[in-house]
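Colleague: structure for the following, please:
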Amino acid sequence: MKKPVTILIALLTIAVLVSCRFVPDINFDLNNSPTSAATPRPQVTNAPPVIVDVEDIANTDLILTNLYEQVNPGVVTIIAYTSAGEGSGSGFVYDNTGHIITNYHVVEGAEVLEVAFASGLKVYATLVATDIDSDIAVIKVDVPQEELVPLPLGDSDTLKVGQMVVAIGNPYRLTSTMTLGIVSAKGRILDSLRTTEDMTSYTAGDLIQTDAAINPGNSGGPLLNLAGEVIGINRAIRTSGTTIEGEAVNSGIGYAISINIVKRVVPFLISEGKYDYPLMGISSSSTDLTLSQWELINDSVTSGVYVMSVTPGGPAEQAGLIGGNQTTELQGFYSGGDIIVAVDGIPVKVYGDLISYIFKNKSPGDVITLTILRNGQQKEVNLTLGSR
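Modeller: This is a model prediction of the structure:
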């Protein structure tokens, strides 16, 4: 039978009320006994006790400790030596032939790569291939079979906001660090590390937002569900300024590349040395538009993907899509563009929905059907995806 423990919050409540209440002037009688001239103290209503199930806590602890012991042998530290110095990150074992996955930015410009296993073994690694768009890299080590503990890959499409997740990595070279958080959001987008000829950025899609603590050195390490399956690769954090030493301050918002993107990309990186992403040839806002912006565009909808511009000669222009071309009272913001409200019959509310769907399901040369609004009229447009 479970043995609940009763935590008497009422005692804490009383303590807080006593410590924080107004203290009136005190009059002392001849016997030095304090008497109060203030009004009587109000009656305190006891808060109900909180019941904590010890067995539930023990089970959660057991899940987390077992997860760490199971997964940590497959997580590695990566040190990249470049002409500018050295940097470090994390990675995890992908298969039993020695392939390790990490971030592109961890190994960028590396002349020598060193990998340290949780067992203490340290070896050099070779670079296999990189994906600059989603920030993925594959490296390879030659080690005894018993050192390789490939981590199981999950299904990021089944994740739900609020689900608990764990990050394991090496922040600030503090090896084998584990942090706990939740899935804060799905389908986020970031700028790709690849840029166009005019130095604008492509978009990386289908990222997982999490509040699990991620710091410099966690890059490339796994984000896991409580079953011990990798559901993402930790990539970036949103910062809120810098410390006195000039280091970025984590705002509590971290981003991980979804494992379903990884499962689509990595086999091509290993077999062909590259992965080719589909291209639409449009630009849109990475965040949802405000109501005032929607009013400048269209008075019938307040969600969808607003086409701000189309790439000259690109797939979108060839399909007949129109970007914003009419000046508005908001400087630099143009109305008159198409609004994409669905792709292949699937509704899209923001740009991240569209990019994530295409990245996970389509390749260059595939045809997608866009449902758009133009001048208040709905129509469908077939677009043949290009290549980056």
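Colleague: now the helices: where do they sit in the stretch 1-150 of the chain?
Modeller: In the stretch 1-150 of the chain, the helices defined using DSSP state H, counting those that start in this stretch lie at 9-20, 54-71, 104-107.
Colleague: by mean pLDDT, show me the worst of these.
Modeller: Lowest mean pLDDT within these: helix 9-20, a mean of 37.
Colleague: quick check, residue 271 in a strand?
Modeller: No - applying DSSP: H, G, I helix; E, B strand; the rest coil, one finds residue 271 to be helix, outside a strand.
Colleague: so what's it up against?
Modeller: By CB atoms under 8 Å, 6 or more residues apart in numbering, residue 271 lies in contact with nothing. C-betas here are computed from N, CA, C, even on glycine.
Colleague: residue 89 reaches residue 76, doesn't it?
Modeller: No - using CB atoms under 8 Å, residue 89 makes no contact with residue 76, being 9.6 Å away.
Colleague: of those two, which one has the most company?
Modeller: residue 76 (32 against 26; other CB atoms under 10 Å).
Colleague: ranges for the helices of the stretch 151-300 of the chain?
Modeller: 259-272, 291-297.
Colleague: next, the buried residues of the first one.
Modeller: With burial defined by 16 or more other CB atoms under 10 Å, the residues of helix 259-272 counted as buried are 259-262, 264-266, 269-270.
Colleague: just the last one next, same as before
Modeller: Of the residues in helix 291-297, those buried under the neighbour-count criterion (16+ other CB under 10 Å) are 293-294, 296-297.
Colleague: let's have the residues you listed in JSON lines, adding distance to residue 224 and pLDDT.
Modeller: Listed next are the buried residues of helix 291-297 as JSON lines, based on distance: CB to CB, whole Å; pLDDT from 0 to 100:
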{"residue": "293", "distance to residue 224": "38", "pLDDT": "92"}
{"residue": "294", "distance to residue 224": "39", "pLDDT": "92"}
{"residue": "296", "distance to residue 224": "44", "pLDDT": "91"}
{"residue": "297", "distance to residue 224": "41", "pLDDT": "90"}
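Colleague: circling back: which one, of the helices of the stretch 151-300 of the chain, ends up nearest to residue 147?
Modeller: Closest approach to residue 147 among those (CB to CB): helix 259-272, 19.4 Å.
Colleague: pLDDT averaged over that closest one - what is it?
Modeller: So the average pLDDT for helix 259-272 ends up being 96.
Colleague: what's the spacing between that helix and its chain's center?
Modeller: Offset of helix 259-272 from its chain centre (CA atoms, centre = their mean, to the nearest Å): 19 Å.
Colleague: now swap in stretch 163-170 and tell me
Modeller: Remark: stretch 163-170 is offset 11 Å from the chain centroid, using CA atoms, centre = their mean.
Colleague: the residue nearest to residue 385 when sequence neighbours are not counted pairs with what?
Modeller: Distances taken as CB to CB, 6 or more residues apart in numbering place residue 278 nearest to residue 385, at 4.0 Å, with adjacent residues excluded. Residue 278 forms beta bridges with residue 387, as assigned by DSSP bridges.
Colleague: does residue 278 touch residue 360 like I think?
Modeller: No - with contact defined as CB under 8 Å, residue 278 does not count as touching residue 360 (10.5 Å).
Colleague: more neighbours: which of the two?
Modeller: Set residue 278 next to residue 360 and count neighbours by other CB under 10 Å: residue 278 wins out with 20 against 17.
Colleague: need the contact list for the more buried one.
Modeller: Contacts for residue 278 were tallied using CB under 8 Å, 6+ apart; they are 358-359, 362-364, 366, 385-388.
Colleague: and the contacts of stretch 322-329?
Modeller: So stretch 322-329 is contacted by 282-283, 296-297, 306-310, 333-338, 374 (CB under 8 Å, 6+ apart).
Colleague: buried only: go through those for me.
Modeller: Listed as buried from the contacts of stretch 322-329 are 282-283, 296-297, 306-310, 333-338, 374; burial here means 16+ other CB under 10 Å.
Colleague: filter those down to the ones in strands?
Modeller: 282-283, 306, 309-310, 334-335, 374 (DSSP state E).
Colleague: what's the closest of the residues you listed to residue 347?
Modeller: For these, the nearest to residue 347 is residue 306 (14.9 Å; CB to CB).
Colleague: residue 286 is in contact with that closest one, correct?
Modeller: No - using CB under 8 Å, residue 306 is not in contact with residue 286; the gap is 11.8 Å.
Colleague: which phi and psi does the closest residue to residue 142 other than its chain neighbours have?
Modeller: Spatial nearest neighbour of residue 142, excluding adjacent residues (CB to CB, 6+ apart): residue 98 at 6.0 Å. In terms of degrees, to the nearest 10, the main-chain angles of residue 98 are phi 100, psi 10.
Colleague: just give the number of residues close to residue 98.
Modeller: The burial count for residue 98: 21, using other CB under 10 Å.
Colleague: who's in contact with it?
Modeller: Taking CB under 8 Å, 6+ apart as the criterion, residue 98 is in contact with 140-143, 148.
Colleague: and what of residue 255?
Modeller: Contacts of residue 255 (CB under 8 Å, 6+ apart): 188, 190, 207-210, 234-238.
Colleague: try it again at 10 Å.
Modeller: By CB atoms under 10 Å, 6 or more residues apart in numbering, the contact set of residue 255 is 135, 184-185, 188-190, 204, 207-210, 214, 223, 232-238.
Colleague: no more questions from me, cheers.
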